[in-house]
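S.K.: Structure of the sequence below:
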Amino acid sequence: MLGKPRKTAGLLNLFLGGVGAGDFFLGHKQIGFIKVAVTVVLNVLYLATFDWELREGNPFVFFLFFIWLCCVLACAIMTFMGKWIYARDANGVPTV
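M.R.: A predicted model of the protein is given here:
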């Protein structure tokens, strides 16, 4: 039985990684829901701390966004390489 294409999951993680699209594609729902939750929390935190009069955001929130971006990018790279949980889909079938 052929597994799901690693290239498709990698592209989904690269362009829609913040919402866990590649993880949902491979069936890793728990990781996908965690990514969605972190993205929503960071966006709410950004809007809650944004200074509308000065039109500038909180530098700490920008730092958190940068760290999150690095994590999402690392997941996309690991998906393309077939490492970590991306070596197999949720059913245990190796990705191709």
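S.K.: what's near enough to touch the closest residue to Phe50 other than its chain neighbours?
M.R.: Nearest residue to Phe50 in three dimensions, chain neighbours excluded: Gly57, at 5.2 Å (C-beta to C-beta, 6 or more residues apart in numbering). Every residue, glycine included, has its C-beta placed from N, CA and C. Contact analysis of Gly57 by C-beta atoms under 8 Å, 6 or more residues apart in numbering lists Tyr46, Thr49, Phe50, Asp51.
S.K.: Could you do Gly22 as well?
M.R.: Taking C-beta under 8 Å, 6+ apart, we find Gly22 in contact with Ala9, Gly10, Leu11, Leu12, Asn13, Leu14, Leu16, Cys75, Ala76, Thr79, Tyr86.
S.K.: Farthest-apart pair in these, please.
M.R.: Leu16 and Tyr86 (14.9 Å; C-beta to C-beta).
S.K.: the more surrounded of the two?
M.R.: Tyr86 (24 against 16; other C-beta atoms under 10 Å).
S.K.: that's a strand at the more buried one, yeah?
M.R.: No. Tyr86 is assigned helix when assessed by DSSP: H, G, I helix; E, B strand; the rest coil, not a strand.
S.K.: What is the neighbour count of the nearest residue to it once chain neighbours are set aside?
M.R.: Leaving aside its sequence neighbours, Tyr86 sits nearest to Thr79 (C-beta to C-beta, 6+ apart; 4.4 Å). Using other C-beta under 10 Å, Thr79 has 28 other residues around it.
S.K.: cool, and Arg6?
M.R.: Look at Arg6: counted by other C-beta under 10 Å, it has 20 neighbours.
S.K.: residues in contact with it?
M.R.: Listed by C-beta under 8 Å, 6+ apart, the contact partners of Arg6 are Thr79, Phe80, Gly82, Tyr86, Thr95, Val96.
S.K.: Over to Glu56: give its phi and psi.
M.R.: Note on Glu56: backbone dihedrals following degrees, to the nearest 10 are phi -140, psi 150.
S.K.: Tell me who's in contact with it.
M.R.: Taking C-beta under 8 Å, 6+ apart, we find Glu56 in contact with Phe50.
S.K.: and what of Ile34?
M.R.: Residues near Ile34 by C-beta under 8 Å, 6+ apart: Gly20.
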